[in-house]
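Colleague: Sequence and predicted structure below; questions after.
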Amino acid sequence: MTDSGSRHHAIDYIELTVTDSAAAQAFYSSAFGWRFNDYGPAYAGIVNPGGPDLPEVGGLATGETAAVRGGPLVLLYSDDLDATVEQVRAAGGEIVNGPYAFPGGRRFHFTDPSGNELGVWSTS
């Protein structure tokens, strides 16, 4: 049996439903530097930030509508929250909450071009 690197009961993969895969890939590439493995018009895998030889960390699945806001919230980390806010705006995302302070740091929420809501936090 091969070790996949996955941990029992740990979050292993995040899949976002997007309405336009090319637009979503452009947004996440521009805002966060993400890279993708394109599997055709309906799916793109998110390349592991540790390198392409590691398992993908998630994917973009093309669907009719994105997930409803208010569901599980995916949080990303940033070393420079204010710069990330500007990168998200420049890439076409909409800031929907914050930045605001919370115990442990600051964070903000944004929606991507498909309407998915995610958050970004920082320790300062």
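Modeller: Nice, I can see it. Numbers count the residues shown, from 1 in each chain.

Colleague: So Val85 lies in a strand, does it not?
Modeller: No - with DSSP: H, G, I helix; E, B strand; the rest coil as the criterion, Val85 is helix rather than part of a strand.

Colleague: mind listing what it touches?
Modeller: Val85 makes contact with Ile95, Pro99, Phe108, Val120, according to C-beta atoms under 8 Å, 6 or more residues apart in numbering. Where you see a C-beta, it was placed from the backbone N, CA and C, and this is true even at glycine.

Colleague: Out of the residues you listed, grab the one that's most surrounded.
Modeller: The residue in these with the most neighbours, by other C-beta atoms under 10 Å, is Val120 (24 neighbours).

Colleague: Give me the sheet partners of the helix or strand where it lies and which way each runs.
Modeller: Take DSSP states H and E as the rule and Val120 turns out to sit in strand 117-122. Sheet pairing here is set by DSSP bridges, and for strand 117-122 it gives strand 74-77 (parallel), strand 105-111 (antiparallel).

Colleague: and which of the contacts of Val85 is nearest to Arg35?
Modeller: Minimum distance to Arg35 across those is 18.5 Å, recorded for Val120 (C-beta to C-beta).

Colleague: Correct me if wrong: that closest one contacts Asp79.
Modeller: No - here Val120 does not reach Asp79: they are 10.7 Å apart, not a contact under C-beta atoms under 8 Å.

Colleague: on that earlier part again, only alpha carbons, please: show the strand holding Val120 as PDB.
Modeller: What follows is strand 117-122, C-alpha atoms only, in PDB (Å, rounded to 0.1, in the frame of the first residue of the first chain):
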ATOM      1  CA  GLU A 117     -17.300  33.300  -0.400                       C
ATOM      2  CA  LEU A 118     -13.800  32.600   1.000                       C
ATOM      3  CA  GLY A 119     -11.800  34.300   3.800                       C
ATOM      4  CA  VAL A 120      -8.200  35.400   4.300                       C
ATOM      5  CA  TRP A 121      -6.600  35.900   7.700                       C
ATOM      6  CA  SER A 122      -3.300  37.100   9.100                       C
END
